[in-house]
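Chemist: have a look; sequence and predicted model below, questions after that.
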Amino acid sequence: MMIELRHVSCGYGENIVLGDITVKINEGEFVGVIGPNGSGKTTLIRVATKVIKPTAGEVLLEGRDLSAMGYRQLATRVAVVGTIDRNMDMRTEDLVLLGRIPLRERYRLLDGKTDVDAARQAMRVTGLLHLKDRPVSTLSSGERQLAFVARALAQEPKLLFLDEPTSHLDIRHQIGLLDLVAKLNREKRLTIITILHDLNLASQYCARLLLLDRGTLHSDGPPESVLTRETIEKVYRTPVVILNGPSSSKPFIRPVSREGGLESD
Amino acid sequence: MNRHGTWALALGVLVALLLGTCLFSLSVGPAGVSLFRAARLWREGMGGTHLSIILDIRLPRVLLGVAVGGGLSLSGVVLQGLFRNPLVEPYTLGVSGGAALGVAVSSVLGLSRLSGPYGIPLAGFAGALCAIFLLQALSSKRGILSVQGLLLVGVMLSFICSSLVLLIMSISRLEDLHGILFWIIGSLGETDWFLVKLALAAMITGLVLSYFFCFDLNALSLGEEEALHLGINVERTKKMLFILTSLLTGLCVSLAGAIGFVGLVVPHFLRLIVGPDHRILLVSSFLAGAVFLIMSDTLARTVALPIELPVGVVTGIVGGVLFIYALTRKTRAGGL
C-alpha cells in the first residue's frame, strides 16, 4: 500500500471542498485524477501531501498516519510537480539541487558529491543536462516543466504527484513528458498520481482513473469503465462522443459542440 | 569557475572591502587625525589625544556601523526571502516607526532620564517590539502570516506611528524635542562601549542563527507550498525568522535610530551580484550592509564640515537613488 485516504473530508475554513473520499493506491500504480474545474483535484493532492489537514478522516502513507509524520520525512518519500508560474533567475542545476534539501546532511552548507550526482542524474533522465547552466527564466515552458520534474526526481521519491503537468505544452512536449513519467513508473516502480485535464491523455497513459465530481469521488477504475458517455456527460455536463481509438483499445473522447455555446447552469 | 569558487571570491572581495572601509573611516574625521599619523605618534610615545580620538570616538562608531548596517541588511534579506517580496524591510514594516514612538513617549514622560544612559535604547527596543507584536497579531489569520496583509498593516503602522510622534513632538518641551528629533534622524554616535559590543555580538549571533535557515529560505523562493513539499516546516520557519529579524532590527533601531533603506537596497544589489542562493546571500548582505552604512556615515561626517549630516539622510538619498536606478534599468531590460 502506497497511500490510502480513509473517509477524508477537507477544505478551506468553512468551505468544504472534498467530502468523504476513500481510496487506496498501491505501489507502482499510474493513477490519473480527472474532473471538471473546481471538483477538488488539486485539493486532493494538497490533503495527500499535508499542505492542508483533513477535517475528518485520515491519510496513510505506507501505512503510517500522515499527521504523525514530519515534513522532512514526508519529503523523502513524496515529491510534487505543481503548477508554477514564478519567474526564477536561478540556474537550472540550482533549481534541481533544491530537490536535495530533504535528503542532504543537515548541517552541511556546501553541496556534496552525492547531491550534485543525484541532480545531474535527474537532469540526464529528463534530458536537461545540456541546459544546466541556463537560468530557469530563459527556458521554454516545456523545458521548465521538465526542470521541475527533474527537481522532483532529485528528491528520490517513491510517490510522485503531478498537477496538470501538460498544460501550456505543445503535443510534442505533452507526449514527451508523459512518456518520461510512464517510463519512470515502469522501470523504477515509481507510483504516479497525476491530475490531467486532457481526458484522452488520461485515457492513454493511466491504468486507473479517479473521477471527481463536486468534491466527491464519482468513479474509480480503468479508463474503459470510467470514461463512458453517460458518466462524462453527467459529470462535465457536456455532450461527448466516445470513439474507440484506431491505435489502442483505450476510449477516445470527443466533445460535441452545441449551437449557442455551453449551457449555463 | 564553479559556484563555490565564485562564492569564495565574492566573500573575499567583501571582507577586503569591509576592512578597507573600516580603516578609511577610522582615519578621516573633523579632527583631522589620520590613522597613520596617530600610529606614528604612538610609536614615538606621544599622541594620546590622537589615539583617543581614534579608539574612543571613531572605533565605536565604526563597530556600531558594522553591527547596524549588517543587522539591518541581514534582516532585510531574510524578510524578503521569507515573504518573496523585495519591498519588505524593517522600515516598511513599521518596526522603525514603533521604535521612534517608544522613544518619543519615554522622552515626554521623562522615563529616559530615570533609567540613565540606557533609557533611550530601551524605550526604542520596547517600541519596536510592540510594533512587531501588533503587526503579527493584525496580519495573521488563524496563525498564518500573509504577505500582503503584513505589508499593508506595516505601512499603515508606520504612518500611524509617525503621526503620533509628530503629535508628541508638537506638544513636548524644547529639550525633549531635540532628543526625539536627533534620534529619529538616526546616528551612529552611540559611544557607550557596552552597547556597541552588545550590538556587535547580537548581530553576529543573528547571522550565525540565520544560517540554520538558509535552505529553508532557498526552498521558500519557490513558494510556500513548494517549500512544504521539500520538507520545510514553513509556519515554524516563518515564525522563527520573524522573531529573529524583529529582535535584530529592534536592537539596531534602538541604538542607531531610524536608518532607512539599508535593508532594502543592499540585499537587492547583492541578489543581482551573487545570485539568489541564501547560503552566500546572507553573509554577503551582512558584509555589504556594513560597508554601505560605514561609507554613508563617513560621508555624513565629512562632506559638509564642520556640520555633521544625519546618516539616515545619506542612506536615504544614496540608497533611494541607486534603487530607482536599478529598478528602472531592470524594467527596460524586460520586466521587474
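Modeler: It's in.
Chemist: contacts and neighbour counts: CA atoms only from here.
Modeler: Fine.
Chemist: can you show me the helices along the stretch 1-150 of chain A?
Modeler: Assigned by DSSP state H, counting those that start in this stretch, the helices in the stretch 1-150 of chain A fall at A:41-48, A:71-75, A:92-98, A:113-125, A:141-154.
Chemist: could those helices go into JSON lines alongside distance to chain B, mean neighbour count and mean pLDDT?
Modeler: JSON lines is the format used below for those (distance: least, Cα to the nearest Cα, whole Å; neighbours: other Cα atoms under 10 Å in any protein chain shown; pLDDT from 0 to 100):
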{"stretch": "helix A:41-48", "distance to chain B": "9", "mean neighbour count": "22", "mean pLDDT": "93"}
{"stretch": "helix A:71-75", "distance to chain B": "4", "mean neighbour count": "21", "mean pLDDT": "93"}
{"stretch": "helix A:92-98", "distance to chain B": "7", "mean neighbour count": "24", "mean pLDDT": "92"}
{"stretch": "helix A:113-125", "distance to chain B": "12", "mean neighbour count": "19", "mean pLDDT": "92"}
{"stretch": "helix A:141-154", "distance to chain B": "9", "mean neighbour count": "24", "mean pLDDT": "92"}
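Chemist: turn the ones you listed into a markdown table, including distance to B:Leu138.
Modeler: Shown next, in a markdown table, are the helices of the stretch 1-150 of chain A (distance: least, Cα to Cα, whole Å):
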| stretch | distance to B:Leu138 |
| --- | --- |
| helix A:41-48 | 27 |
| helix A:71-75 | 28 |
| helix A:92-98 | 33 |
| helix A:113-125 | 41 |
| helix A:141-154 | 36 |
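Chemist: out of these, flag the one nearest B:Ile259.
Modeler: Closest approach to B:Ile259 among the helices of the stretch 1-150 of chain A (Cα to Cα): helix A:92-98, 34.7 Å.
Chemist: same for that closest one, what does it pack against?
Modeler: helix A:113-125, helix A:141-154 (3 or more Cα pairs under 8 Å, 6 or more residues apart in numbering or on different chains; DSSP states H and E).
Chemist: and it, how far from the chain's centre?
Modeler: Centre-to-centre, helix A:92-98 and its host chain are 20 Å apart (Cα atoms, centre = their mean, to the nearest Å).
Chemist: contacts for it, please.
Modeler: Residues outside helix A:92-98 that contact it (Cα atoms under 8 Å, 6 or more residues apart in numbering or on different chains): A:115-116, A:119-120, A:122-123, A:131-136, A:147-148, A:150-152, A:154, B:218-219, B:230.
Chemist: before we move on, the earlier item: could I get the helices and strands packed on helix A:92-98 as JSON lines with distance to B:Leu200?
Modeler: Below are the helices and strands packed on helix A:92-98 laid out as JSON lines (distance: least, Cα to Cα, whole Å):
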{"stretch": "helix A:113-125", "distance to B:Leu200": "35"}
{"stretch": "helix A:141-154", "distance to B:Leu200": "39"}
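Chemist: of all those, which one is nearest B:Asp192?
Modeler: helix A:113-125 (48.0 Å).
Chemist: quick one: the strands in the chain?
Modeler: Picking chain A for this. Taking DSSP state E as the criterion, chain A carries its strands at A:3-12, A:15-25, A:30-34, A:56-61, A:64-65, A:78-81, A:159-163, A:191-195, A:208-213, A:216-221, A:240-244, A:251-255.
Chemist: hmm, I had chain B in mind actually
Modeler: Counting by DSSP E, the strands of chain B are B:140-141, B:144-145.
Chemist: and the pLDDT at B:Gly12?
Modeler: pLDDT for B:Gly12: 95.
Chemist: the closest residue to B:Ile280 other than its chain neighbours: neighbouring residues, count only.
Modeler: Spatial nearest neighbour of B:Ile280, excluding adjacent residues (Cα to Cα, 6 or more residues apart in numbering or on different chains): B:Trp7 at 6.4 Å. For B:Trp7, the number of neighbouring residues by other Cα atoms under 10 Å in any protein chain shown comes to 17.
Chemist: how near is B:Trp7 to chain A?
Modeler: Separation of B:Trp7 from chain A (Cα to the nearest Cα, to the nearest Å) stands at 11 Å.
Chemist: one step back: would you mind telling me which of the helices of the stretch 1-150 of chain A is nearest A:Ser219?
Modeler: Taking those one by one with Cα to Cα, helix A:41-48 is closest: 13.4 Å.
Chemist: which strands and helices sit next to the closest one?
Modeler: Looks like helix A:41-48 contacts strand A:3-12, strand A:15-25, strand A:159-163 (3+ Cα pairs under 8 Å, 6+ apart).
Chemist: pLDDT averaged over the second one, what's the number?
Modeler: Averaged across strand A:15-25, the pLDDT comes to 91.
Chemist: in it, what counts as buried?
Modeler: A:Val17, A:Leu18, A:Gly19, A:Asp20, A:Ile21, A:Thr22, A:Ile25 (16 or more other Cα atoms under 10 Å in any protein chain shown).
Chemist: then the first one?
Modeler: Buried residues in strand A:3-12, counted by 16+ other Cα under 10 Å: A:Ile3, A:Glu4, A:Leu5, A:Arg6, A:His7, A:Val8, A:Ser9, A:Cys10, A:Gly11.
Chemist: can it be said to contact chain B?
Modeler: No - Strand A:3-12 stays out of contact with chain B when judged by Cα under 8 Å from any Cα of the partner chain, the minimum separation being 11.5 Å.
Chemist: can you check the longest one too?
Modeler: No - Strand A:15-25 lies out of reach of chain B by Cα under 8 Å from any Cα, never closer than 15.0 Å.
Chemist: quick one: residues in contact with that strand.
Modeler: Contacts of strand A:15-25 (Cα under 8 Å, 6+ apart): A:1-11, A:39-40, A:43-44, A:56-57, A:214-217.
Chemist: now the angle from that strand to strand A:216-221?
Modeler: Inter-element angle recorded for strand A:15-25 and strand A:216-221: 20 degrees (by axes from the mean of the first three to the mean of the last three Cα atoms, to 10 degrees).
Chemist: same check, this time on the first one
Modeler: For strand A:3-12 and strand A:216-221, the angle between their directions (the same axes, to 10 degrees) works out to 160 degrees.
Chemist: give me the helices and strands touching strand A:3-12, please.
Modeler: strand A:15-25, helix A:41-48, strand A:56-61.
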